[in-house]
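Student: heads up, no residue letters with this:
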């Protein structure tokens, strides 16, 4: 039950984030905000890694930044689908890399982040579909 509560809290925070981003005047500005957000989510793990006391963990967490920065960049330059994919794949970083043995990442953060990431991924995908219908290519 605790895990479900943590996921729901993440979803609620994502709703707030999405509502703030939706105030943007254009879809391009929205995408930029979601791209910055994706890189920030990777940087948060670097910050948490600093509390690990392990150079190995700090380097692992630093490795995530360029990975998600590439998704963000491709999302801005090529297609918003890359951005949606980056958000959708971030839960693999959350839960795949961090478990109860990573004492420096709170369990509640892992599952809250999963709820957050997946809702943002879904919203970015929704916006990409909506934008492609409004501006079909070809």
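Tutor: Right, received. Where do you want to start? Since the structure is predicted, the reported quantities are computational estimates derived from the model, not experimental observations.
Student: contacts and neighbour counts: CA atoms only from here.
Tutor: Fine.
Student: buried stuff in the one helix or strand residue 34 maps to?
Tutor: Following DSSP states H and E, one finds residue 34 within helix 27-50. For helix 27-50, the neighbour count (16 or more other Cα atoms under 10 Å) marks 30-35, 37-39, 41-43, 45-46, 48-49 as buried.
Student: run the angle between the next helix or strand after it and helix 27-50 for me.
Tutor: Proceeding N to C from helix 27-50, the next assigned helix or strand is helix 55-77, under DSSP H and E. Following axes from the mean of the first three to the mean of the last three Cα atoms, to 10 degrees, one obtains 180 degrees for the angle between helix 55-77 and helix 27-50.
Student: gap between helix 55-77 and the chain center?
Tutor: 11 Å (Cα atoms, centre = their mean, to the nearest Å).
Student: helix or strand next in line after it, which one?
Tutor: helix 80-91.
Student: on that earlier part again, now do the helix holding residue 34 and helix 80-91, the angle between them.
Tutor: Going by the same axes, to 10 degrees, helix 27-50 makes 20 degrees with helix 80-91.
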